[in-house]
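# Fold the following and give me the result.
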Amino acid sequence: MDFTSFFNNTGIAHLEWGNLVMILVGVVFIFLAVTKDYEPLLLVPIGFGIIVGNIPPIAGMPLGVYSEGSVLSYLYFGVTKGIYPPLIFLGIGAMTDFSTMLSNPKLILLGAAAQIGVFLTFLGSLYLGFSLKQAGAIGIIGGADGPTAIFLASMIAPELLGPIAIAAYSYMALVPVIQPPVMYLLTTKEERRIRMKPPRKVSRKERIIFPIVAFLICTLIAPGAITLLGMLFFGNLLKESTVTDRLANSARNALIDIVTILLGFTVGASTQAQTFLTPQSILIFILGALSFVVATAGGVIFAKIMNLFLKEKINPLIGAAGVSAVPDSARVVQAVGQKEDPGNFLLMHAMAPNVAGVIGSAIAAGVLWSVLGKF
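Reported below is the predicted structural model:
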């Protein structure tokens, strides 16, 4: 074998400028995770996956996620068939405390209000020429829930799975950057300083009954949400029953960690420049950013509207936590609130719309799948 033949069988010979751009994006993701602590559990696997996915494959060697029979294609199967997201939801359910939401049920409305970003983005995507199914998959990015976005895209618009997944997880990681300007713009100093009463103590019986009743109500309204909400509430029941601690611990630790690694890495590896760097992908990123901003604004504005009718005012900042980026949105609310009043603790209050947003985004996905799956 001469040097020319050897060189032609290296990745260097087939490297394109797009691959270099995507490799740089992967490095930036890792940099943000390590230096800024932006969702490191997501950005490190995704970032390294992007680097791996943009090493040009050699003809005749099944290496990438799109190469039939390759190891990565088998791992990516869990993404394309929507297997990983429900397992993520199982772990989320096992680590979620719905007590704050149950103690102040009206805050559920804020989680619902934030879903306006989903449906406005859906309409915007239709206006820009995407099909009904593609618009629905793009719209769910506004829920700021990566697993839900991946699940819905895999069901109704698998051709857009890569850019939708990367956009959803990117904006989840950038919650501390995107949300505060919107929150400051829509609230006054006095509103940001509003203090709320501590939530009441929720009984064990309420916490056990809730996942069963909530599942029945939500899925009878939106049957398409059965898979995601079934796993979410099942995980929560494992936690709250207190008789299945081993199962709950496995779900919220080992299982969710393993699935997060596989999901993040393979989603990153799916961003091969040759299939990923397209005008359509860039448009999806823009729409995703707008949907996230609209969702944040929708939650804050609705909280201000609620205050017009409430004797005990709520801090409108917690409306921003209505997007389902748990628990980062709630942490952002806490940080912004304490800048105005160091003695104001909003985290527990913000968790109510935050977990309601998880349920809301899953219901929105279920509705979109139920309606658009027929087209």
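# who's in contact with Leu120?
139, 142, 291, 294 (CB atoms under 8 Å, 6 or more residues apart in numbering). C-beta coordinates here come from the backbone N, C-alpha and C atoms, glycine included.
# Out of the residues you listed, list just those in helices.
139, 291, 294 (DSSP state H).
# Number of residues surrounding the last one?
As a burial measure, the neighbour count of Val294 was computed by other CB atoms under 10 Å and equals 20.
# Same check on the one 5 residues further on?
The burial metric for Gly299, expressed as a neighbour count using other CB under 10 Å, is 35.
# and it, what does it touch?
Here Gly299 is in contact with 110-111, 113-114, 319-323, 353, 357 (criterion: CB under 8 Å, 6+ apart).
# at 6 Å what do you get?
110, 113-114, 319-320, 322 (CB atoms under 6 Å, 6 or more residues apart in numbering).
# Then Ala356?
Ala356 neighbours (CB under 6 Å, 6+ apart): 101, 108, 111.
# Kindly recompute the last result at 8 Å.
Counting by CB under 8 Å, 6+ apart, Ala356 has contacts 101, 107-108, 110-112, 322.
# Can you report how many residues neighbour the residue lying closest to it once chain neighbours are set aside?
Distances taken as CB to CB, 6 or more residues apart in numbering put Gly111 closest to Ala356, at 2.7 Å, once the chain neighbours are dropped. By the criterion of other CB under 10 Å, Gly111 has 28 neighbours.
# Could you do the one 4 residues further on as well?
Using other CB under 10 Å as the criterion, Gln115 is surrounded by 26 other residues.
# Lys311 now?
5.
# mind pulling up the phi and psi values for it?
phi -80, psi -40 (degrees, to the nearest 10).
# likewise the one 10 residues further on?
Listed backbone geometry of Ala321 is phi -80, psi 0, with angles given as degrees, to the nearest 10.
# so who does it touch?
Neighbours of Ala321 in contact, by CB under 8 Å, 6+ apart: 110, 299, 329-330, 332-333, 350-354, 357.
# could you dump those residues to JSON lines with distance to Ser154, secondary structure and pLDDT?
Shown next, in JSON lines, are the contacts of Ala321 (distance: CB to CB, whole Å; DSSP: H, G, I helix; E, B strand; the rest coil; pLDDT from 0 to 100):
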{"residue": "Leu110", "distance to Ser154": "29", "secondary structure": "helix", "pLDDT": "93"}
{"residue": "Gly299", "distance to Ser154": "27", "secondary structure": "helix", "pLDDT": "94"}
{"residue": "Ser329", "distance to Ser154": "24", "secondary structure": "helix", "pLDDT": "91"}
{"residue": "Ala330", "distance to Ser154": "28", "secondary structure": "helix", "pLDDT": "93"}
{"residue": "Val332", "distance to Ser154": "29", "secondary structure": "helix", "pLDDT": "94"}
{"residue": "Val333", "distance to Ser154": "31", "secondary structure": "helix", "pLDDT": "95"}
{"residue": "Ala350", "distance to Ser154": "30", "secondary structure": "helix", "pLDDT": "94"}
{"residue": "Met351", "distance to Ser154": "29", "secondary structure": "helix", "pLDDT": "94"}
{"residue": "Ala352", "distance to Ser154": "30", "secondary structure": "helix", "pLDDT": "94"}
{"residue": "Pro353", "distance to Ser154": "27", "secondary structure": "helix", "pLDDT": "94"}
{"residue": "Asn354", "distance to Ser154": "25", "secondary structure": "helix", "pLDDT": "94"}
{"residue": "Gly357", "distance to Ser154": "21", "secondary structure": "helix", "pLDDT": "92"}
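# Thanks a lot, see you next time.
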